[in-house]
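*Asks:* need the 3D shape of this:
(one chain, ligands or ions: 1)
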Amino acid sequence: MLEGKTAVVTGASRGIGRAVALELAEQGAQVIINYNGSLESAEQVKSEIEAKGGKAEAVQCNVADFEQCSDFISKVIKDFGKIDILVNNAGITRDGLLMKMSEKDFDDVIAINLKGTFNTMRAAARQMIRQRSGRIINMSSVVGICGNAGQVNYAASKAGVIGMTKSAAKELASRGVTINAVAPGFVETEMTAALSDKVKEEAVKQIPMGRFGKPEDIAKTVAFLASEEAGYITGQVIQADGGMAI
Ligand code: NAP
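*Replies:* This next block holds a predicted model:
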């Protein structure tokens, strides 16, 4: 249970981030719902949490912007006094084959998925070191482990997240801060809704459990890593993928 904890979830207006925000609030944490463009959806998540008696704030910040992330985390610390849990979930795809991928599509994915994770971790780590406690959970993907045709940008960003997670975990372990990554497989969100039925049919064949993940499946994994019980786990990548990448 997470009573009294302050949790920041990036990209929590929709999909997996939304489910993570709801789960952490359900377990008693006060949750800062970060979003970039979807104010209305973020406010809805806040209302859902408040309707169940929880506490939440929706805060706009483009995670790709270093200064904005620094100001965002400073504001959280000013308003809430501490930051116990940081979930770096914000992410995008800009799929295309290597030979056709534009420089912009490569740069945008790296800027949000990889540098965005660095930006918020960099800002929150100072406070967590001061507190001598903290939990950081970074959203990777099985694509960062196995690769995927049409996703060189995305795979690079998610593999980068794993390297960053392991390195930062080594740096901060002695300060009471754990840093882990979650690698989901194929999860039913707007990100995957755009794929054709044919691609989805092929994808489900690769999953031994025979179904796509739900955002709640990932949220439970994140909540475990954020819990006291996970206190001796750091630098790990937990695959929540129905066996897709065994
Ligand atoms: P989604 O439904 O498309 O939601 C993406 C979220 O990220 C939104 O809340 C969006 O906020 C936010 N976001 C995007 N750009 C942002 C930025 N620059 N600054 C702040 N927030 C930003 O995606 P999802 O499927 O839930 O994916 C969530 C995470 O899980 C991503 O890191 C993704 O790579 C990873 N993942 C997903 C799957 C899957 O199958 N769905 C599998 C493996 C890993 P706005 O709406 O406000 O822009």
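
*Asks:* which residue is nearest the centroid of this structure?
*Replies:* Geometric centre of the chain, nearest residue: Asn89, 1.9 Å, by CA atoms, centre = their mean.

*Asks:* how far away is it from the ligand?
*Replies:* In this view, Asn89 and the ligand are 5 Å apart by CB to the nearest ligand atom, to the nearest Å. In this view, the C-beta of every residue, glycine as well, is placed from N, C-alpha and C.

*Asks:* what about that residue, distance to Asp241?
*Replies:* 16 Å (CB to CB, to the nearest Å).

*Asks:* could you do Ala64 as well?
*Replies:* 26 Å.

*Asks:* looking at these two, which is more packed in?
*Replies:* Taking other CB atoms under 10 Å, Ala64 and Asp241 do not tie; Asp241 has more neighbours (26 against 20).

*Asks:* did I read that right, Leu2 in a strand?
*Replies:* No - under DSSP: H, G, I helix; E, B strand; the rest coil, Leu2 sits outside any strand and is assigned coil.

*Asks:* and the biggest strand by length in the chain, which strands flank it?
*Replies:* When the chain is parsed with DSSP state E, its longest strand is strand 177-184. Here strand 177-184 is paired, per DSSP bridges, with strand 134-139 (parallel), strand 237-240 (parallel).

*Asks:* single out the most deeply packed of these.
*Replies:* Highest mean neighbour count of the strands paired with strand 177-184: strand 134-139, a mean of 27 (counted as mean count of other CB atoms under 10 Å).

*Asks:* residue numbers of this protein in contact with the ligand?
*Replies:* 10-17, 34-38, 62-64, 89-92, 112, 139, 141, 184, 186-187, 189-192 (CB under 6 Å from any ligand atom).

*Asks:* tell me the buried residues within these.
*Replies:* Buried subset of the residues of the chain next to the ligand (neighbour count, 16 or more other CB atoms under 10 Å): 10-17, 34-36, 38, 62-64, 89-92, 112, 139, 141, 184, 186-187, 189, 192.

*Asks:* restricted to strands, list the residues you listed.
*Replies:* Short answer: those in strands (DSSP E) are 34-35, 139, 184.

*Asks:* which SS class is the most far-flung residue of the chain relative to its centre?
*Replies:* Note on the chain: the largest C-alpha distance from the chain mean falls to Met99, namely 29.1 Å (CA atoms, centre = their mean). At Met99, secondary structure determined by three-state DSSP is helix.

*Asks:* any stretches of the chain with poor pLDDT?
*Replies:* Residue ranges of the chain with pLDDT under 70: none are present.

*Asks:* would you map the strands across it?
*Replies:* Using DSSP E, strands in the chain cover 6-9, 30-35, 56-60, 85-88, 134-139, 177-184, 237-240.

*Asks:* list the contacts of Ala173.
*Replies:* 234-235 (CB atoms under 8 Å, 6 or more residues apart in numbering).

*Asks:* let me fix that: Gln60
*Replies:* Contacts of Gln60 (CB under 8 Å, 6+ apart): 34-36, 39, 42.

*Asks:* repeat the analysis, applying 7 Å as the threshold.
*Replies:* If a contact means CB atoms under 7 Å, 6 or more residues apart in numbering, then Gln60 has 35-36, 39 as its contacts.

*Asks:* ok, Cys61 next?
*Replies:* 34, 68-69, 72.
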